[in-house]
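> Please work out how this folds:
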Amino acid sequence: MDRCQTLRRIDELVSDFAGMLRQRQGRHLDTWIAHAQASDIQQMQGFAAGLLKDYDAVRNGLTLAWSSGAVEGAVGRLKSIKRQMYGRANFDLLRRRVLLNS
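As a prediction, the model looks like this:
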């Protein structure tokens, strides 16, 4: 029975956090962290501690409408192309390949 209670608590915490992500409700972050820390679940306590280490960035990510997702995607694509071509060509060919795959 205790195990089911733990699973219910995990489900509740994860669902609440997912809701904060989807609805950009960073104002609830402090409350969520307090609930996670108060739980008996070591993994949730660790996750909450990790959020506190970079609190400002997490809160901004849950609150602000701006996102660096497009930039991160472009950088990831460029790194992937660069890895595929490692040791095979010079910068000119890399440049052409990046521009053609845009």
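
> what separates Phe17 from Gly69, distance-wise?
To Gly69, Phe17 is 19 Å away according to C-beta to C-beta, to the nearest Å. (Each C-beta comes from the backbone N, C-alpha and C, glycine too.)

> the more surrounded of the two?
More crowded of Phe17 and Gly69, by other C-beta atoms under 10 Å: Phe17, with 21 against 8.

> List the contacts of that one.
Contacts for Phe17 (C-beta atoms under 8 Å, 6 or more residues apart in numbering) come out as Trp32.

> So what does it have for phi and psi?
Main-chain dihedrals, Phe17, degrees, to the nearest 10: phi -70, psi -40.

> Could you do Ile41 as well?
For Ile41, the backbone dihedrals (degrees, to the nearest 10) come out as phi -100, psi 110.

> what does the one 5 residues further on give?
Reported as degrees, to the nearest 10, the phi and psi values for Gly46 are phi -70, psi -40.

> what ranges of this structure fall below the confidence cut-off?
1-3, 102 (pLDDT under 70).

> those helices in it, which residues are they?
All helices of the chain, identified by DSSP state H, fall at 2-23, 29-38, 42-53, 55-63, 69-84, 91-100.

> what distance separates the second one from the centre of its chain?
I take that to be helix 29-38. 18 Å (C-alpha atoms, centre = their mean, to the nearest Å).
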